[in-house]
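*Asks:* Structure, please.
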Amino acid sequence: MTEQMQAMKRRLIVMLAIDGVCALIAGAAAIGFFMQGVGWMQWAFMAALGVGFAAQIWFIVGFRRANKGV
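*Replies:* The predicted structure follows:
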């Protein structure tokens, strides 16, 4: 595997780990907000979604930068 492919694989694994943690946090926050009525959990839910989407954008930007030289 080339060095560029290894870097993209690392970036993918980091993105998946961040998204997994964010999904767990968002799920817990949704349960806390809808089932328990804890108002501030909606902000935790939105923050987790925002960070998860930011991680995906970070991956896509890195992928596009890596392919510009090809």
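
*Asks:* Sketch out the low-pLDDT regions of the chain for me.
*Replies:* The model of the chain has pLDDT under 70 over residues 1, 69-70.

*Asks:* the longest helix in this structure is where?
*Replies:* The helix spanning the most residues in the chain, taking DSSP state H as the definition, is helix 3-34.

*Asks:* Tell me which residues of the helix or strand just after it come out buried.
*Replies:* Counting by DSSP states H and E, the next helix or strand C-terminal to helix 3-34 is helix 41-68. By neighbour count on 16 or more other C-beta atoms under 10 Å, the buried set for helix 41-68 is 41, 44-45, 48, 52, 55, 59, 62. From N, CA and C alone the C-beta is placed, and that goes for glycine too.

*Asks:* How about stretch 21-37?
*Replies:* 22, 25-26, 29, 32-33.

*Asks:* In TSV: the residues you listed, plus distance to Met15.
*Replies:* Output for those, formatted as TSV (distance: C-beta to C-beta, whole Å):
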residue	distance to Met15
Cys22	10
Ile25	16
Ala26	16
Ala29	21
Gly32	26
Phe33	26
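
*Asks:* With adjacent residues omitted, what lies nearest to the spatially most central residue of the chain?
*Replies:* Of all residues in the chain, the one closest to the mean position by C-alpha atoms, centre = their mean is Gly52, 2.7 Å from it. Nearest residue to Gly52 in three dimensions, chain neighbours excluded: Cys22, at 3.7 Å (C-beta to C-beta, 6 or more residues apart in numbering).
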